[in-house]
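Novice: kindly generate the corresponding structure for this input.
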Amino acid sequence: MTEFVRKIVPNAKDDVLAGITVSLAMIPEVVAFAFVAQIDPLVALSGAFIIGLIAAVFGGRPGLISGAAGAVAVIFVHLISEGHARGLAFETPIENMGYYYLLATVILMGIIQIGAGVLKLGRFVRLIPHPVMMGFVNGLAIVIFIAQVKMFSHKQLEVAADGVKKYINIPMEGSELYTTLALVLLTMGIVWLLPKLTTKIPAALTAILVTTGVVIFAKLNVSTVGSYIREGGGDGLSGELPTPNLELWEYLPFTADTFSFILPYAFLAASVGLIESLMTMNLVDELTESRGNGNRECMAQGLGNMMSGLFGGTGGCGMIGQTVININAGGRGRLSGIMMALTLLTFILFTDQYIEQVPIAALVGVMFMMVIETFAWSSFRILRKIPKSDAAVLIIVSAVTVVYDLAIAVFVGVIISALVFAWENAKRIRARKHIKEDGTKVYEIWGPLFFGSIQDFNGKFDIKNDPDMVEIDFMESRVTDHSALEAIFNLVGKYEDAGKQVRIKHLSEECQALMIKASPKLAGVIEPNVDDPRYHVMAKVMK
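Specialist: Okay, the predicted model is just below:
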């Protein structure tokens with residue numbers, strides 16, 4: 001992780017200015033994701049306001065910025081199109097039915113996330129390995145970079161022969177492209193240089209204002225927030241205060257069929273939203289050298305999504321790009337997230353005509369600097385210094401994040417890391433062997449005994465050639481799961497079938513109890529000792 005964050009003591013001025021900066025950077029990204037999900041940009045902006053405000057007030061990580069993120073938006077694409085088709089197939093056809101299915105899905109998504117917080121599932125994010133975290137950061141940085149590159153184009157509506165409408169991107173050319181690139185470089189230059197001169201004003205906000213001023217006073221013909229929204233089919237940034245969407249209860253059929261239709265989308269969106277939010281929380285923890293509350297963040301994200309659905313907004317989660325901009329601009333407290341949400345609402349209600357004049361190039365420049373600062377450049381340096389398995393996980397998670405989505409990438413990374421861990425520990429099982437004066441052969445087991453090491457464990461014993469008396473000592477071993485208990489049970493059975501006696505020493509009290517419960521005759525085989533280890537086993541019942 002690059003060391004770009006200054007250690008700033010939280011204060012109201014920094015939080016307010018950082019919140020304003022983030023709100024400007026939020027608009028084009030939220031609008032772009034609204035186009036991806038084929039919903040009105042104002043629906044996405046309303047969702048960003050509601051989720052951002054509630055998560056900032058009640059969340060477990062001050063400084064984390066939430067909104068209508070793309071990781072969640074892409075999940076709703078098929079839901080909305082299928083919802084439209086379902087609505088037209090009703091006995092009394094209803095247009096735009098996909099929107100109402102979306103709202104119901106977002107509400108259910110929020111309920112699932114609140115449930116995750118109540119069940120304290122947020123703590124499991126601490127189990128995510130560091131290579132997965134680095135891969136997540138790198139992958140999202142690449143995704144955000146690609147999204148910004150797509151801004152160097154114009155949207156054009158095309159109508160297919162079957163009447164299906166879709167927007168295609170027409171790349172910028174000629175003087176417009178060169179002018180936009182120059183403005184992007186100007187913005188990046190200000191963001192990079194200003195902190196070297198003064199830290200009293202946020203560099204990103206200053207860069208946006210300066211670049212906007214250049215465009216307005218020089219009357220440059222470049223893409224702006226307003227033109228970008230209208231090209232995608234929107235009516236501009238002007239909107240109204242979000243109010244409860246009563247049409248949802250009027251048009252949506254509350255049936256088992258509706259529930260079964262929206263549940264998979266709600267569960268996937270809830271999972272992706274929590275993973276991105278909690279991993280972004282971890283990133284902020286590292287940057288600010290503090291610690292957030294994962295379970296509280298789960299419940300806040302859930303409450304935000306539930307209220308967003310009730311008030312006609314789309315779903316969302318923590319946003320790594322905007323969060324890094326906020327932290328880098330000095331935002332540390334809850335006020336920064338609250339200010340972001342309130343400023344976004346102010347833009348929609350009162351100042352849309354001014355915000356629509358902000359050039360896309362200024363916002364792209366800020367996001368490019370965020371990508372540069374977020375990407376873990378150190379990963380290139382350490383790839384040859386860390387275990388090959390960790391390097392592979394880092395690369396795979398980054399690639400899967402870019403090609404598929406965050407949730408799949410994290411699951412793949414955790415699974416690979418867990419398998420590597422199990423494999424490495426499986427090779428650590430050892431058995432020291434010696435013969436006592438009375439002819440008893442002793443096996444002193446060393447290392448963890450679990451499902452992965454059972455095969456190597458069984459290979460340590462020579463049942464056929466062992467003497468009539470065998471002692472197995474687990475003092476330096478740890479029996480961890482049900483599979484390990486079964487392995488010991490089966491081993492004793494094999495010795496008994498060969499007509500040989502076995503004594504087992506130094507199992508934990510729980511191991512002894514479980515094995516004797518499965519076969520009472522083992523009470524004569526297991527030898528209790530005053531120095532037996534104490535640990536629990538991942539098994540309660542042996543069949």
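Novice: and residue 474, that's in a helix?
Specialist: No. Counting by DSSP: H, G, I helix; E, B strand; the rest coil, residue 474 is located in no helix; its state is strand.
Novice: which residue packs closest to it, ignoring adjacent ones?
Specialist: residue 506 (4.8 Å; C-beta to C-beta, 6 or more residues apart in numbering). (C-beta placed from N, C-alpha, C; glycine too.)
Novice: OK, contacts around that neighbour?
Specialist: By C-beta atoms under 8 Å, 6 or more residues apart in numbering, residue 506 lies in contact with 473, 474, 475, 529, 531, 532, 533.
Novice: got the buried residues for the longest helix seen in the chain?
Specialist: In the chain, taking DSSP state H as the definition, the longest helix is helix 256-288. Under the neighbour-count criterion of 16 or more other C-beta atoms under 10 Å, helix 256-288 has 258, 261-262, 265-266, 268-285, 287-288 buried.
Novice: just give me the neighbour total for residue 219.
Specialist: Residues within reach of residue 219, counting by other C-beta atoms under 10 Å, total 6.
Novice: quick one: low-confidence parts of the stretch 151-300 of the chain?
Specialist: 157, 159-167 (pLDDT under 70).
Novice: helices of that one, start to end?
Specialist: 174-197, 203-218, 225-231, 247-251, 256-288, 294-310 (DSSP state H, counting those that start in this stretch).
Novice: where exactly do the strands run in the stretch 351-500 of the chain?
Specialist: Counting by DSSP state E, counting those that start in this stretch, residue ranges of the strands within the stretch 351-500 of the chain are 430-435, 441-449, 469-479.
Novice: got a list of contacts for the last one?
Specialist: By C-beta under 8 Å, 6+ apart, the surrounding residues in contact with strand 469-479 are 429, 436, 438-450, 485, 488, 491, 495, 500-508, 511, 531, 533, 535, 537.
Novice: could you list the low-confidence segments of the stretch 1-150 of the chain?
Specialist: Checking the stretch 1-150 of the chain against pLDDT under 70 turns up 1-10.
Novice: let's go with 90 and repeat that
Specialist: Along the stretch 1-150 of the chain, the parts satisfying pLDDT under 90 run over 1-14, 24-44, 68-78, 81, 84-85, 87-96, 121-150.
Novice: where exactly do the strands run in it?
Specialist: Counting by DSSP E, counting those that start in this stretch, one finds strands in the stretch 1-150 of the chain at the ranges 66-67.
Novice: wait, which of the contacts of residue 506 is closest to residue 364?
Specialist: Of all these, residue 364 sits closest to residue 533, with 59.7 Å by C-beta to C-beta.
Novice: hmm, residue 511 and the closest one touching each other?
Specialist: No. Judged on C-beta atoms under 8 Å, residue 533 makes no contact with residue 511 at a distance of 9.0 Å.
Novice: tell me which of those two has more neighbours.
Specialist: Neighbours per residue (other C-beta under 10 Å) separate residue 533 from residue 511, with residue 511 holding more: 26 against 16.
Novice: which ones are touching that one?
Specialist: Applying C-beta under 8 Å, 6+ apart, the residues near residue 511 are 479, 485, 488, 537.
Novice: biggest separation within those, which pair?
Specialist: 488 and 537 (10.9 Å).
Novice: the two: which has the busier surroundings?
Specialist: residue 488 (24 against 21).
Novice: turn the contacts of residue 511 into TSV, including pLDDT.
Specialist: Below are those laid out as TSV (pLDDT from 0 to 100):
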residue	pLDDT
479	84
485	86
488	89
537	71
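Novice: and the most centrally placed residue in the chain, how far from residue 187?
Specialist: Closest residue to the average C-alpha location of the chain: residue 276 at 2.2 Å, with C-alpha atoms, centre = their mean. Going from residue 276 to residue 187 by C-beta to C-beta, to the nearest Å gives 26 Å.
Novice: now swap in residue 229 and tell me
Specialist: Taking C-beta to C-beta, one finds residue 229 at 20 Å from residue 187.
Novice: so which of those two has more stuff around it?
Specialist: Legend: neighbour count by other C-beta under 10 Å for residue 229 and residue 187, higher for residue 187 (29 against 25).
Novice: tell me the contacts of residue 244?
Specialist: 310, 311, 312.
Novice: between the residues you listed, which has the most around it?
Specialist: residue 312 (24 neighbours).
Novice: so it is in contact with residue 103, correct?
Specialist: Yes. Using C-beta under 8 Å, residue 312 makes contact with residue 103 at a distance of 6.5 Å.
Novice: list residues touching both of the two?
Specialist: The contact lists of residue 312 and residue 103 share 245, 248, where a contact means C-beta under 8 Å, 6+ apart.
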